[in-house]
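Novice: Here's my sequence, what's the structure:
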Amino acid sequence: MIIAENIKQFQNQIRSGRDYLGYSIPTIERLIPDIEITEGFKEQNIGGLDFWQMHVKQMTDYGQMEQLFNSTVIKGFSFLIVSSYSNEKEKEELDNILNNIKFKK
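Specialist: Numbering: from 1, shown residues only. As a prediction, this is how the structure comes out:
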């Protein structure tokens, strides 16, 4: 899933993908009550842009689901890529897709 959001009115508070993820945690926790944020934020380069990544886990009716939230800020917009997977093979396939993304500069 890819989401872009106009955050120009929050440009003093949200200057990076890390800031965006930090401000998003309460909303994510409200929407998905059983979610577990498993590690701190880490930097990730995707297509030549610096993103911040947050790893989460949740139990679903189908078993454990994991997600990687990758966020950056570009010209007053947040750009978020969310990858969801339930096993290592799916994660590897999604990582391969992310590793092949290219952004125009």
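Novice: okay, CA-based contacts and neighbour counts for the rest of this
Specialist: Will do.
Novice: Just name the shakiest helix or strand of the protein by mean pLDDT.
Specialist: Across the helices and strands of the chain, mean confidence by mean pLDDT, DSSP states H and E is lowest for strand 36-37: a mean of 90.
Novice: I would like the residues contacting the next helix or strand after it, please.
Specialist: Using DSSP states H and E, the next helix or strand after strand 36-37 towards the C-terminus is strand 42-46. Outside strand 42-46, the residues that touch it by CA atoms under 8 Å, 6 or more residues apart in numbering are D50, F51, W52, Q53, M54, N70, L98, N99, I101, K102.
Novice: Can you name the residues in contact with the strand or helix carrying L94?
Specialist: For L94, the host element (DSSP H and E) is helix 88-99. The contact list for helix 88-99 (CA under 8 Å, 6+ apart) reads I46, G47, S83, S84, Y85.
Novice: how about CSV for those residues, with distance to A4, neighbour count and pLDDT added?
Specialist: Output for the contacts of helix 88-99, formatted as CSV (distance: CA to CA, whole Å; neighbours: other CA atoms under 10 Å; pLDDT from 0 to 100):
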residue, distance to A4, neighbour count, pLDDT
I46, 16, 19, 95
G47, 16, 14, 92
S83, 15, 18, 96
S84, 18, 16, 95
Y85, 21, 17, 96
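Novice: which phi and psi does the residue of the chain most remote from its centre have?
Specialist: Ranking residues of the chain by C-alpha distance from their mean position (CA atoms, centre = their mean) puts D61 at the top, at 22.7 Å. Main-chain torsions, D61, degrees, to the nearest 10: phi -60, psi -20.
Novice: what residues are up against it?
Specialist: Residues counted as contacts of D61 (CA under 8 Å, 6+ apart): none.
Novice: Hmm, Q13 and D19 touching each other?
Specialist: Yes - counting by CA atoms under 8 Å, D19 does reach Q13; the two are 7.4 Å apart.
Novice: higher neighbour count, the two?
Specialist: For D19 and Q13, the more surrounded residue by other CA atoms under 10 Å is D19, and the numbers stand at 16 against 12.
Novice: Contact partners for that one?
Specialist: Q13.
Novice: Next, it: phi, psi?
Specialist: Backbone torsions for D19, taken as degrees, to the nearest 10, come to phi -60, psi -50.
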